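Engineer: take a look and give me a structure for this.
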Amino acid sequence: MDTIGVNLQAVKRRIENAARVCGRDPATVGLVAVAKTFGADAVAAAHRHGQRAFGENYLQEAVDKIVALPGLGLDWHFIGPIQSNKTRQIAEHFAWVHSVDRLKIAERLAAARPAGLAPLQVCIQVNIGDESTKSGVAPGQTLELARAVAALPRLNLRGLMAIPPASDDPAQQRRYFALLRRIKEEMAAAGIGLDTLSMGMSADLEAAIAEGATLVRVGTAIFGPRTVKGEGLLPCG
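Structural biologist: Below you'll find the model as predicted:
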């Protein structure tokens, strides 16, 4: 088995073990393989080992891979910050968008979603760490945004997404993920039922699963460290 296949199986074992430890069915936790900066060959390799859902941060790079890999039945998830002028291409090429953080973006995605495609599956990104360097709606404004997004055509509001502050402390990791879970619960009490918590990456997926993650977004642990020209090796989720 090639390196990507070995890594992918190891990540799936981590997911299964984390789910069982907290009494969850491993089948309730999906895996999005984050392939940003890796080419179509890496995506194809992961697909050969059973991976179907892939996450991308950079639009043009993602579209190039989508065009290069037709007919594989892949689910493409856009997980990066969204600029207004990118909404049409995102709406046309992706099945999921995890990073909606303002109504204007949701409206543009809804307007651009082709009628011949299924509704775009959407998560609202919440800035649970109140970090100025990260996108996301403030926790206290999430319900208002969710109500507005849920009313739009051609979108299916599925859940919440977050990227917490980096920490090596599992207890600290869990505190942030627990906050996102509580926001989801509060929204359910207010009449907005969601089925998705997109949270957890290579370094903290166990903590995320313990707090209810239904999708984890993993890059480094599957594909290895990514190389950015002029910047050396960087983690990728």
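Engineer: what residue ranges in this protein score low on pLDDT?
Structural biologist: 1, 227-237 (pLDDT under 70).
Engineer: helix, strand, or coil at I82?
Structural biologist: Using DSSP: H, G, I helix; E, B strand; the rest coil, the structure places I82 in coil.
Engineer: contacting residues around it?
Structural biologist: Going by CB atoms under 8 Å, 6 or more residues apart in numbering, I82 touches I90, V97, S99, V100, D101, I105. For glycine as for every other residue, the C-beta is placed from the backbone atoms N, C-alpha and C.
Engineer: so how far is N127 from the first one?
Structural biologist: The spacing between I90 and N127, counted by CB to CB, to the nearest Å, is 20 Å.
Engineer: for R147, same thing?
Structural biologist: Using CB to CB, R147 is found at 19 Å from N127.
Engineer: so what's V216 closest to, chain neighbours aside?
Structural biologist: Nearest residue to V216, sequence neighbours excluded (CB to CB, 6 or more residues apart in numbering): G200, at 4.0 Å.
Engineer: so that neighbour, which of the three states?
Structural biologist: Per three-state DSSP, G200 ends up coil.
Engineer: do V122 as well
Structural biologist: strand.
Engineer: check contacts around it.
Structural biologist: Here V122 is in contact with W96, V97, V100, A106, L109, V149, L155, N156, L157, R158 (CB under 8 Å, 6+ apart).
Engineer: do P165 as well
Structural biologist: P165 touches G129, E131, Y176, counting by CB under 8 Å, 6+ apart.
Engineer: against S99, how distant is the nearest residue to the first one once chain neighbours are set aside?
Structural biologist: Taking CB to CB, 6+ apart as the measure, G129 lies nearest to P165, with 4.1 Å between them; neighbours along the chain are not counted. When distance is defined by CB to CB, P165 is 17 Å away from S99.
Engineer: can I have the buried ones of the contacts of V122 as a ChimeraX selection?
Structural biologist: In ChimeraX syntax, the buried subset of the contacts of V122 is picked out as below (16 or more other CB atoms under 10 Å):
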select :96,97,100,106,109,149,155,157,158
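Engineer: next step: the contacts of V122 restricted to strands.
Structural biologist: W96, V97, V100, L155, N156, L157, R158 (DSSP state E).
Engineer: pairing partners for the fourth one in the sheet, please.
Structural biologist: The reference is to L155. For L155, the beta-bridge partners are L120 (DSSP bridges).
Engineer: picking up where we left off before, what about I90 and N127, which has more around it?
Structural biologist: A direct count of neighbours by other CB atoms under 10 Å for I90 and N127 places I90 higher, at 25 against 20.
Engineer: now that one. Nearest residue, chain neighbours left out?
Structural biologist: Using CB to CB, 6+ apart, the closest residue to I90 is F78 (5.2 Å).
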